[in-house]
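[1] can't give you the sequence, but here's the structure:
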């Protein structure tokens, strides 16, 4: 039997997330033998996402998908495509190549709508992950796996407001990504005033200077929200350190989890971070697709049935989960943050 890697983010305090992790770890064990996996053609799955290969977040999504592929006898094709036009072309290619399942992100729902609808019409099973919860089923997709951005943005804004923030600098590093804009707008509802700063994700070396300039030019800004631990939070932390040296302390909230982000929380340099379980965003679509394919054979398996019922309801919500100084030790003890690329060394 293929090795099944347990979920990495199942101990962040949300009961639904814990249940999802238990289902992932258990349903494959219970169903593999009955499904007879390995005796027929593997399930073919094409992932087409808006992230970059260098981003640890997307490395972890991919690690989850690869782990599920090993456990559930699937063949994965993976594509990083930051530009909407490229994702549309890749979906058209996946349709022509007759992939069983197409997994996409809807960071640009307007630009992606027709290609998603086309995939459904031509018989592919389509799942949406990470971005686009409010559009997924309306476009014909079977399920969504990820975080509700409106809820996450409001909750982040509430926490920032409770920390005394009244004017927020919200850094957006992916032009056209509706999810990032939604987080900022929802946070503004709770804070009162918000300034957007658009950063070129391909020009990371200039990020620290751009953030420092924005904060220096407007002394009324008393909070900052960033959306990517690897790409943006690090340079923002460096800019904030320079301001702290001048006696100006600005709370920093982050979306995304990696080791430097956790260290910043432990040291008091970051107020909190928001987790949306990227490993499960990769694992669950593959697991669900295969269980759905053989749903008759897993009938009676309690764990598999729960997973199928959840996703048939439109999706599985995987966040937001908040990590701050109150639960950072528990997160550390759980081993929730692991090397996302373990599978690259085990192939």
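    Received the coordinates, thanks. What you are looking at is a predicted structure, and each value in this text was computed from that prediction instead of being measured.

[2] Looks to me like residue 87 is in a helix.
    Yes - Residue 87: assigned to a helix according to DSSP: H, G, I helix; E, B strand; the rest coil.

[3] What sits closest to it if chain neighbours are left out?
    Leaving out its chain neighbours, the residue that sits closest to residue 87 by C-beta to C-beta, 6 or more residues apart in numbering is residue 81, at 4.5 Å. Bear in mind the C-beta positions are built from the backbone N, C-alpha and C, glycine included.

[4] Could you do residue 158 as well?
    In space, and not counting its chain neighbours, residue 158 is closest to residue 190: 4.9 Å by C-beta to C-beta, 6+ apart.

[5] contacting residues around the helix or strand that neighbour falls within?
    Element membership of residue 190 [criterion: DSSP states H and E] is helix 178-191. With contacts defined as C-beta atoms under 8 Å, 6 or more residues apart in numbering, helix 178-191 is touched by 106-109, 130-132, 149-150, 152-154, 156-158, 160-161, 165-168, 170, 172-174, 194, 196, 223, 225, 227, 255.

[6] residues of whatever helix or strand comes next after it that come out buried?
    For helix 178-191, the following helix or strand on the C-terminal side (DSSP H and E) is strand 194-198. Neighbour-count burial for strand 194-198, counted by 16 or more other C-beta atoms under 10 Å, picks out 194, 195, 197.

[7] Next SSE downstream of strand 194-198?
    Strand 194-198 is succeeded, C-terminally, by helix 207-217 (DSSP H and E).

[8] Can you check what angle separates that following helix from strand 194-198?
    150 degrees (axes from the mean of the first three to the mean of the last three C-alpha atoms, to 10 degrees).

[9] hmm, who's touching helix 207-217?
    Contacts for helix 207-217 (C-beta under 8 Å, 6+ apart): 169, 171, 173, 195, 197, 199, 221, 224, 231-232, 235-236, 238-240, 242-243, 250.

[10] who touches the helix or strand containing residue 264?
    Taking DSSP H and E as the definition, residue 264 sits inside helix 259-267. Helix 259-267 has contacts (C-beta under 8 Å, 6+ apart) with 229, 233-234, 237, 252, 254, 270-273, 323-325, 328, 331-332, 337.

[11] Sort out for me which of the residues you listed are in strands.
    Counted as lying in strands by DSSP state E, out of those, are 252, 254, 272, 273, 323.

[12] still on that earlier bit, against residue 328, how distant is the residue nearest to residue 87?
    34 Å (C-beta to C-beta, to the nearest Å).

[13] Next: residue 160.
    Separation of residue 160 from residue 328 (C-beta to C-beta): 18 Å.

[14] cool, and residue 221?
    Using C-beta to C-beta, one obtains 26 Å as the distance from residue 221 to residue 328.

[15] try residue 272
    Applying C-beta to C-beta, the value for residue 272 to residue 328 is 9 Å.

[16] quick check: angle from the host helix or strand of residue 58 to helix 259-267?
    Take DSSP H and E as the rule and residue 58 turns out to sit in helix 56-72. Orientation check (the same axes, to 10 degrees): helix 56-72 against helix 259-267 gives 120 degrees.

[17] Tell me the helices and strands packed up against helix 56-72.
    Under the contact criterion of 3 or more C-beta pairs under 8 Å, 6 or more residues apart in numbering; DSSP states H and E, helix 56-72 touches helix 15-35, strand 43-49, strand 74-80, helix 278-293.

[18] which non-adjacent residue is nearest residue 170?
    residue 184 (3.8 Å).

[19] How many residues are close by the one you found?
    Other residues near residue 184 come to 24 when the count uses other C-beta atoms under 10 Å.

[20] Now do residue 149 against residue 135, distance only.
    In terms of C-beta to C-beta, residue 149 sits 11 Å off from residue 135.

[21] Between these two, which has more neighbouring residues?
    The neighbour comparison of residue 149 against residue 135 (other C-beta under 10 Å) goes to residue 149, with 26 against 18.

[22] Nearest residue to that one in space, please, no chain neighbours.
    Excluding its sequence neighbours, the residue lying closest to residue 149 (C-beta to C-beta, 6+ apart) is residue 182, at 4.3 Å.

[23] repeat for residue 84
    Spatial nearest neighbour of residue 84, chain neighbours left out: residue 111 (3.9 Å); criterion: C-beta to C-beta, 6+ apart.

[24] wouldn't the one you found be in contact with residue 86 here?
    No - between residue 111 and residue 86 there is no contact under C-beta atoms under 8 Å: 10.7 Å.

[25] picking that back up, what is the mean pLDDT for the helix holding residue 264?
    Averaged over helix 259-267, pLDDT sits at 92.
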